[in-house]
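> I'll drop the sequence and a predicted model, then ask my questions.
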Amino acid sequence: MTIEHAARRVWDETPAEELGVAPAAVRTMLAMAAARGAAAQLVVLRHGEVLIDRSFGAPPDVPFLLFSAGKPLIAVLVHQLAEQGLLRLDAPLSAYWPGFEENHKQDITVRQVLQHRSGLPYVKSLYRDALLAPDWHRSVRALAAARPHHAPGRLPAYHTLSYGFLLGELIQRVTGRSLRDVLHEGIRQPLGLRDTHLNAPPRRIPMRGAPSGGPRALQWAANRRVTRDAVIPAATISSTARDLAVFYQSLLDARLLAADAVAEACAPSTSGEKDLILGNRIRWSAGFQLGGHENDPLRPRPMGRRSSRRAFGHNGSNACLGWADPSRGLVMVYLTNRLEGSPEGSPYQCELSDTLLAGVRE
């Protein structure tokens with residue numbers, strides 16, 4: 001049985017050999033996850049069948065905070081609206097958000113926001129944006145009044161928090177409905193994602209620092225009640241590995257979006273430029289980070305050094321990761337509550353992904 005609807009699925013694992021994966025690769029991945037000493041969920045699908053469905057120190061239906069690994073859900077909602085003819089990706093944001101053109105923002109397009117190229121990675125600083133983030137209206141007003149830090153479209157500059165507020169407000173203005181309702185109708189309901197939420201549900205996994213300490217400021221902020229209760233679309237979506245895996249499988253199967261819309265969402269938008277905020281040469285598209293990092297040491301490789309250039313997904317604070325590879329029929333989701341100081345988490349994600357990829361018979 002293939003994955004189509006999370007709520008109706010019986011998550012029985014299929015033997016690795018039947019799915020063209022070396023059993024040793026599965027054993028190594030499970031040992032890596034178990035040895036890490038953190039709460040975690042790991043789900044791997046091959047051609048829509050369950051290869052791995054394991055939880056460590058947490059039930060499979062308890063959501064984890066996704067951090068930026070939740071950004072693709074917001075991006076897909078925008079692509080759905082474009083597919084429905086309710087907006088155009090190359091139209092200026094101000095066409096749907098009157099007043100946004102203030103302070104030289106009239107040329108910023110929807111696509112440029114999706115690609116982290118709007119020139120608005122933050123209002124004045126990421127620190128100030130983080131202080132405002134629990135207040136949706138103040139965050140949105142600040143962005144509407146802000147001046148771009150550089151010319152729109154010039155270079156990628158990661159929109160850590162502004163991504164969710166810019167696109168979330170766009171979604172609400174275009175539809176006349178709340179982002180919560182649009183997420184439910186566009187993604188949660190059709191896929192049966194009962195454990196996916198815009199903010200923290202009553203049952204949740206608190207974030208913990210690694211034994212080495214981890215990023216204490218991020219750990220403190222992530223566990224604050226005011227943060228977990230707020231709607232911060234680029235950072236506070238919570239989900240399970242099962243739900244996120246169904247989301248990615250639905251994109252491979254062209255269920256949430258038509259195949260041409262998925263292709264547009266995954267089309268590369270960078271050609272080797274260094275991201276001005278992250279300082280790495282990340283392969284971006286209009287909603288995802290892309291695989292195929294080859295041997296460039298400046299590029300983080302959460303999807304693995306072996307990842308294909310068609311792979312797409314997103315890392316979340318080097319803790320959570322979800323990706324899909326249409327060339328191999330793979331989906332992998334790893335969620336954990338272990339926060340590590342960058343770059344310690346990314347090499348772990350890279351090794352976990354590469355262990356899987358090395359075991360796949362293509």
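Arrived safely.
> Pro190 contacts Leu257, doesn't it?
No. Applying Cβ atoms under 8 Å, one finds Pro190 not in contact with Leu257, separated by 11.4 Å. All C-beta spots, glycine's among them, are computed from the backbone N, C-alpha and C.
> Of the two, give the one with the bigger neighbour count.
Higher neighbour count among Pro190 and Leu257: Leu257, with 18 against 14, using other Cβ atoms under 10 Å.
> Let me know whether the more buried one touches Ala263 as I believe.
No. Using Cβ under 8 Å, Leu257 is not in contact with Ala263, being 9.2 Å away.
> Okay, buried residues for stretch 123-130 please.
Neighbour-count burial for stretch 123-130, counted by 16 or more other Cβ atoms under 10 Å, picks out 123, 126, 129-130.
> would you say Val331 is within a strand?
Yes. Looking at Val331 with DSSP: H, G, I helix; E, B strand; the rest coil, it is inside a strand.
> what residues does the helix or strand Asp129 falls within touch?
Using DSSP states H and E, Asp129 maps to helix 126-132. Helix 126-132 has contacts (Cβ atoms under 8 Å, 6 or more residues apart in numbering) with 122-123, 138-139, 142, 160-162, 221, 277.
> Only C-alpha atoms, please: export that helix in PDB.
Below are the C-alpha coordinates for helix 126-132, written out as PDB (Å, rounded to 0.1, in the frame of the first residue of the first chain):
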ATOM      1  CA  LEU A 126      17.200  39.400  12.700                       C
ATOM      2  CA  TYR A 127      17.300  40.000  16.400                       C
ATOM      3  CA  ARG A 128      14.700  42.800  16.200                       C
ATOM      4  CA  ASP A 129      12.500  40.700  13.900                       C
ATOM      5  CA  ALA A 130      12.700  37.800  16.500                       C
ATOM      6  CA  LEU A 131      11.500  40.100  19.200                       C
ATOM      7  CA  LEU A 132       8.500  41.200  17.100                       C
END
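> After it, heading C-terminal, what element do we hit next?
helix 136-145.
> That following helix: how far from the chain's middle?
23 Å (Cα atoms, centre = their mean, to the nearest Å).
> Check stretch 101-112 too.
24 Å.
> what does that stretch contact?
Residues contacting stretch 101-112 (Cβ under 8 Å, 6+ apart): 78, 82, 87-94, 96, 100, 118-120, 144-148, 152-153, 170, 286.
> Likewise for stretch 137-149?
Contacts of stretch 137-149 (Cβ under 8 Å, 6+ apart): 97, 99-100, 102-105, 108, 118-124, 129, 132-133, 157, 161-162, 165-166, 169.
> Pretty sure Asp181 sits in a helix.
Yes. Asp181: assigned to a helix according to three-state DSSP.
> Report how many residues lie close to His184.
Applying other Cβ under 10 Å, we find 17 other residues in the vicinity of His184.
> Ala324 now?
Neighbour tally, Ala324, other Cβ under 10 Å: 28.
> Secondary structure class of it, three-state.
Classification of Ala324 by three-state DSSP places it in strand.
> before we move on, what about Pro72?
Under three-state DSSP, Pro72 comes out as helix.
> check contacts around it.
Contact analysis of Pro72 by Cβ under 8 Å, 6+ apart lists 247, 287-288, 313-314, 322.
> Perfect, I'm done here.
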